[in-house]
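A.B. asks: Coordinates only, no sequence provided:
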C-alpha cells in the first residue's frame, strides 16, 4: 500500500460480550494484537468500535430482533463488562474508541466525521463478526468510496461457512482481501 494514502486500521467489536460468545481460533487474539502493535506506527489511525446502549435502551426499536436480545438480558449498556474491549488487544494512548448503536461502525458513532476530519481514504477492517460489523461497515464504506482492505484471518464469525463465503465471494468485489501478515508486509514495503 502506497504511503500517499491515509489509512485507518479498524478493530471492530472485539469486546467481551462478543468474544465470549464465539469459539475463536487460538491464534486470533495474538495475531490481532501483533497486527495492531506492528501497524500502529505505520498507519494514520487505529480506531476501535464497540456496541453499547444508553440506560433504558432508547436506541433499540421494538422490531429489531438482534438488539432486543440486549434488552431481554439487560446487557450491553454503556460501561458494562460486555462492552469492554478485551485486554489482549486493548487500545493505547492515541487510539480512537467509538461506541456505536447499530451493526455498522458508521451508525451512531461519529466515525464518518473522524475519517473526513483526518483525511482518511483507506480503511483496513478486522472484527467480530464477519457477517455483522465487518459486512455492514464494508458495504457502507464502499458506498462512500473508501479504499478497503479486509483482513480475512482477523475477521471471525460463528458461522464459518458464511465467513468463508463472504471473504472469498462477496468481499473481493469491494475490497482487497488479504491475511494480516501479508498486509503488514505491504505496509513495510
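C.D. replies: Now that the structure is in, tell me what you want to look at. Source: prediction; values computed, not measured.

A.B. asks: Now tell me what touches the longest strand seen in the chain from outside.
C.D. replies: Scanning the chain for the longest strand, with DSSP state E as the assignment, gives strand 147-156. Surrounding strand 147-156, the residues in contact under the criterion C-beta atoms under 8 Å, 6 or more residues apart in numbering are 1, 5, 22, 24-25, 27-28, 31-32, 35, 121-130, 134, 138, 141-142, 163, 167, 171, 174-180, 183. Where C-beta positions appear, they are placed from N, C-alpha and C, glycine not excepted.

A.B. asks: Direction included, what does that strand pair against?
C.D. replies: Listed by DSSP bridges, the sheet partners of strand 147-156 and their directions read strand 122-128 (parallel), strand 176-178 (parallel).

A.B. asks: who's in contact with residue 124?
C.D. replies: Taking C-beta under 8 Å, 6+ apart, we find residue 124 in contact with 7, 8, 9, 10, 39, 43, 148, 149, 151, 183.

A.B. asks: Let's see that with 7 Å instead.
C.D. replies: Listed by C-beta atoms under 7 Å, 6 or more residues apart in numbering, the contact partners of residue 124 are 7, 9, 10, 149, 151, 183.

A.B. asks: for residue 59, same thing?
C.D. replies: Residue 59 sits next to 53, 101, 108 when contact means C-beta under 7 Å, 6+ apart.

A.B. asks: Recalculate using a threshold of 10 Å.
C.D. replies: Taking C-beta atoms under 10 Å, 6 or more residues apart in numbering as the criterion, residue 59 is in contact with 52, 53, 67, 70, 100, 101, 102, 107, 108.

A.B. asks: residues of the helix or strand containing residue 165 that come out buried?
C.D. replies: In this structure, residue 165 is located in helix 160-165 according to DSSP states H and E. Using 16 or more other C-beta atoms under 10 Å as the test for burial, helix 160-165 gives residue 163.

A.B. asks: just stretch 11-19 next, same as before
C.D. replies: 11, 12, 13, 14, 15, 16, 17, 18, 19.

A.B. asks: Next, count neighbours for residue 27.
C.D. replies: When counting by other C-beta atoms under 10 Å, one arrives at 12 neighbours for residue 27.

A.B. asks: how near is the nearest residue to it once chain neighbours are set aside to residue 130?
C.D. replies: On the basis of C-beta to C-beta, 6 or more residues apart in numbering, the spatially nearest residue to residue 27 that is not a chain neighbour turns out to be residue 153, at 8.0 Å. Note on residue 153: its distance to residue 130, by C-beta to C-beta, to the nearest Å, is 11 Å.
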